[in-house]
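[1] Fold the stuff below for me.
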Amino acid sequence: MGTAHGVAEYLLGARTGLAGRAAGGLRLAPEPALGGFRALVGKGAAFGIEDKTERKVHCGVRLHAAQGSFEYGWIRRKQGLTPLQYLDKIGFLGRTTLIPHALYVPGYGDIQDGPSGDDVALLARTGTTVIHCPLVYARSGVALESFGRYRRAGVNMAMGTDTFPPDMLANIRIGSIMARRVDRSLEGNTYADFFEAATLGGALALGREDLGRIAVGARADMIVLDLDGLDVGTIDDPLRTIVNSGTSREVRHSIIDGRFVMRDRVIPGVDEAELRDRAQAYYEKMRMGYWERSDGSLPPERLFPGSFPEEGR
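    As a prediction, the model looks like this:
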C-alpha cells in the first residue's frame, strides 16, 4: 500500500463502455494489453467509495494485500488492525474483490505480535478471492500457510504468477510442494486442487460460469500440450506428468473463445526477437533505476551481484 489508504487496481469489462473519469476521481484508462479490459486506479480519499463504485459499474477489484511483513507491521501500528481487517473495516472485501497473496495474517510464521482474529475466516465469510502466487515467494523460501488450509476454511482460491516467467505449470508444481511441506500432508494440496484453483477458482472470482471448464455453453478456452519430447519422459496421469516434468514451453496451441491465438508455438503478429530486445533494454533501465534511487554507496555491479563473485571484488 503506497499511501495511507493504499492503491487500488481495477479490471473493468470493456462492455461497460466507460471512459474518462468516474465518480470520486477514479480514473479509467484503455488498456488493450489486458485483452478487452480497462484498468482503473484510485487512491487516497477515493479509497472509501471503491466498494460502491465497483458495484455500480459491475466490475471486480484487485488489490495486492497482506503480502509482506513491512506492510503488516505498518498498518498494525497505524490502524491497530491487520491489512485484511482494515480492508474489511472500510467495506473493501467482498465477492467481487480479489486479493493477490494474503499471506500475512495473525499466526503467520514470522509474525511476532499483532491483532488477534481469524483473517482466513474473514476472507471466507466475505466471499473474497485469494489469488495465490507461490513461485515468487518460494524463491525466497516463503510460503502461504497454507493453500489447503485456506480452501478448507471456505476461501475461494485462484492462481496467479506475479513474476517472470509467468509459468502457471511452475506455480502449480511449486505451490503444491510448498503447501505439502507446510501442512505435512497431501490432503487439499494436490496438483488437481491447484489445477481447480487455476481454472474454476478464477472463473468463480470473475463470476463467469462460462469459463474455466469444458462444457456445453462454456467458452472454448483451452491449451494443447506436447508430451512427445524426451524431456517430458514417460507418461503417467496427464496432469501429474505435465506438472512434474513439463513447463509452459510444452504448450503448442492456445485457443481463446474458439480462436487460435497461438498455433505451433507461433503467435501471429508478434516479433519475438524484437520483443525480447525491448524487454532486455527495459530491464536494464529498471535495474539502473534502483541504483539511481539508492544512496550510491555501491556500484551497480555490487548492487546486483552475479551468482559467482568476480575476483578482486
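[2] ok, residues contacting the longest helix seen in the chain?
    Secondary structure assigned by DSSP state H gives helix 272-292 as the longest helix of the chain. Judged by Cβ atoms under 8 Å, 6 or more residues apart in numbering, the contacts made with helix 272-292 from elsewhere in the structure are Leu298, Pro299, Pro300, Leu303, Phe304. Every residue, glycine included, has its C-beta placed from N, CA and C.
[3] Out of those residues, which is nearest to Asn156?
    Distances from the contacts of helix 272-292 to Asn156 were compared by Cβ to Cβ; the smallest belongs to Phe304, at 38.0 Å.
[4] OK, contacts around that closest one?
    Residues touching Phe304, when contacts are defined by Cβ under 8 Å, 6+ apart, comprise Arg287, Tyr290.
[5] just the helices in this protein please.
    Listed in chain order, the helices found in the chain under DSSP H are 50-56, 69-79, 83-89, 119-126, 134-138, 147-152, 168-183, 191-196, 202-206, 238-245, 272-292, 300-303.
[6] how close does the residue nearest to the spatial centre of the chain sit to Tyr290?
    The geometric centre of the chain, computed from its C-alpha atoms, lies nearest to Gly160 (Cα atoms, centre = their mean), at 3.4 Å. Relative to Tyr290, Gly160 is positioned 24 Å away (Cβ to Cβ, to the nearest Å).
[7] From Gln85, how far out is the closest residue to Gly117 other than its chain neighbours?
    Of all residues beyond its chain neighbours, the one nearest Gly117 is Pro106 (5.7 Å), with distances taken as Cβ to Cβ, 6 or more residues apart in numbering. Here Pro106 is placed at a distance of 9 Å from Gln85 (Cβ to Cβ).
[8] same deal with Asp277?
    The gap separating Asp277 from Gln85 is 46 Å, by Cβ to Cβ.
[9] Could you chop the protein up by domain?
    Annotated domains of the chain cover 63-217, 272-303 [automatic domain parsing].
[10] Could you list the buried residues of the shortest one?
    The neighbour-count criterion (16 or more other Cβ atoms under 10 Å) identifies Trp291 as the buried residues of domain 272-303.
[11] next one: stretch 241-250
    Of the residues in stretch 241-250, those buried by neighbour count under the rule 16+ other Cβ under 10 Å are Thr241, Ile242, Val243, Ser245, Gly246, Thr247, Ser248, Glu250.
[12] Check stretch 165-178 too.
    Judged by neighbour count using 16+ other Cβ under 10 Å, the buried positions of stretch 165-178 are Asp167, Met168, Leu169, Ala170, Asn171, Ile172, Arg173, Ile174, Gly175, Ser176, Met178.
[13] list the contacts for the fifth one?
    If a contact means Cβ under 8 Å, 6+ apart, then Asn171 has His132, Cys133, Pro134, Leu135, Met159, Gly160, Thr161, Phe194, Ala198 as its contacts.
[14] Can you give me every residue that contacts the closest residue to Ile242 other than its chain neighbours?
    Spatial nearest neighbour of Ile242, excluding adjacent residues (Cβ to Cβ, 6+ apart): Leu225 at 5.7 Å. Neighbour list for Leu225: Ile242, Gly246, Glu250, Val251, Arg252 [criterion: Cβ under 8 Å, 6+ apart].
[15] Cool, thanks, signing off.
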